[in-house]
Structures are given as C-alpha cells and as structure tokens.
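got a predicted model here, sequence first, then my questions.
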Amino acid sequence: MSGASTDSGGRSIWSRPERGTRGPIPTHGRDAMVAAAIELADKGGLGAVSMRAVAGALGMAAGSLYRHLSSRDDLLALMVDRCVGELRPYPEGAGDWRDAMLLLARRQLELYRRHPWLAAAITHAGTPGPNTLAWFDTCLRALEPVHAPVTAKFEAIAMVTGVVSLFARAAAASGPVSFDHVDLAAYPHLAAAFAEPPSAAPRQDLFERTLRGLLTGLLTTEPD
C-alpha cells in the first residue's frame, strides 16, 4: 500500500495535528472536509474528489484545505477510515470462526455497496487509521481459535476483503452477461451447459459458499 499520506517530515496523517499553526483558523475542520469528500465520492465516484471540489462544496478556497491536509492522499486516508468506522458496532460472533468471519464479511459487503468507490480508495490510503486497525483487530479476534501462523491469518483477511470487493462490484454492474440470441453452435461446451436442466438452488448462497471454502482452504489442513 502507498505511504503517500505522510508529510515531508515522514509523519502520517494520523500523527499530525488537525491543522497547521500558520494562517487564520479555517471555517471548516477536517471532519467537515471528509464528510464533503465522501458525499462527492458517493455521488460521482472517486474521480469527483479533488481538493478543489471539496473546497468548493464547503465554500472555501482550495488553499485552505492544505492547512489541514498535505495532499489528496491524506484526504483519501481519512475518507477510508471514516467509512470503515461505519462497520461498528461489530457483530457478535456466533458458531465457529468461519461463522464469525462470515458475519464480518457481510457487514463489509454492505459497506462496500454503500460506498462503491471504497475498494479503489483503500489502495491509496497509506498508513491505516484507527478504525481500520480496529477492524483488523476484530478479524484477528475471530480467527483466534485457528491454529495457523499469523501471516496466514493476515492473508486470509486480505483475501476475504478481495472477495467482498468482487461481490460488491458485481452487484453494482448492470446485470449478468446475457447469451440470448447468441448462436452457440461454434461453442460446444457453452451449448451443452445451457442445454442442461436448471439444478436445484444451492443450500448456501454463493457469497457464503465462496468465503467458507476460501477460509477452510487457507486456514485448515483438512477441510471439515
């Protein structure tokens, strides 16, 4: 992940004071700036978020934002952590560790659907903020019963997040690929697949089956 959310002194956005000491006190603080940026992203995607656009939404001069933030990456880091804070309160675990992780993943999927830009923003967020750290801590607590190296647990959390992002993007797409009015004569395997009668609905939905299979494969030696 990028480390861009640090100033020239090497400090992350999380270890710096909310505003610089020079210049007049701005009308709006970081919280208002982050809220405005999230609103812009929810409406127009991540590309709609710029320092100038946020300043305009708040009726400020663009230069005023730089008394609080060193760069757009700082703003993205704050946006990501603010949204991750919406995952609180964390669901109470039920059943085994896979059940607990599935509950957390479903909450994460709801968050990504509310903020479709979030998955892309996370790659620019740099040093994780307090809400992001709390989320990782909660996931590790859910995985505490698993006898696996901590590196494997971090890999599993990252893979779960990747699956969540994939399902969130699929839900935001226009719809499934349609093969209506397509001549499949040159594609025998596709033709055979569509010729089969529809099977009964699976006992678990695809999201659950994917995550349970993923977690079992990554963190157990013998699948249950």
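Alright, I've got the coordinates. Computed from a predicted model, the values in this text were never measured in an experiment. Numbers count the residues shown, from 1 in each chain.

and the strand or helix carrying residue 64, which residues are buried?
Per DSSP states H and E, residue 64 falls inside helix 62-65. For helix 62-65, a neighbour-count test (16 or more other C-beta atoms under 10 Å) marks 64-65 as buried. (C-beta placed from N, C-alpha, C; glycine too.)

I'd like the average pLDDT over that helix.
Per-residue pLDDT over helix 62-65 has a mean of 82.

chain center to it: distance?
28 Å (C-alpha atoms, centre = their mean, to the nearest Å).

show me where the chain dips below the pLDDT cut-off.
1-11, 15-28, 93-94, 125, 172-177, 200-204, 221-224 (pLDDT under 70).

re the thing from before, list of residues touching the helix or strand following the helix holding residue 64?
Under the assignment DSSP H and E, the closest C-terminal helix or strand after helix 62-65 is helix 72-84. For helix 72-84, contacts defined as C-beta atoms under 8 Å, 6 or more residues apart in numbering pick out 2, 4-5, 12-14, 30, 33-35, 37-38, 41, 46, 49-51, 54, 65, 69, 111, 115, 118, 121-122, 124-132, 135.

buried residues in the lengthiest helix in the chain, which are they?
Counting by DSSP state H, the longest helix found in the chain is helix 150-172. Residues 153, 156-157, 160-161, 163-165, 167-168 are the ones in helix 150-172 that count as buried (16+ other C-beta under 10 Å).

among those, which one sits closest to residue 195?
Top of the list for closeness to residue 195, among the buried residues of helix 150-172 and by C-beta to C-beta, is residue 167 at 28.5 Å.

hang on, isn't the closest one packed against residue 109?
Yes: the pair residue 167 / residue 109 is scored as a contact, 6.0 Å apart, by C-beta atoms under 8 Å.

quickly list what's touching both of those two.
Contacts common to residue 167 and residue 109, judged by C-beta under 8 Å, 6+ apart, are residue 207.

which stretch of helix or strand covers the residue nearest the centre of the chain?
Residue closest to the average C-alpha location in the chain (C-alpha atoms, centre = their mean): residue 119, at 4.2 Å. Counting by DSSP H and E, the element that carries residue 119 is helix 118-122.

now the helices: where do they sit in the protein?
30-44, 51-58, 62-65, 72-84, 97-114, 118-122, 130-142, 150-172, 188-195, 206-219.

quote the end-to-end distance of stretch 180-191.
Taking C-alpha to C-alpha, to the nearest Å, stretch 180-191 runs 12 Å from one end to the other.

my bad, should have said stretch 64-75
Start-to-end span of stretch 64-75 (C-alpha to C-alpha) is 13 Å.
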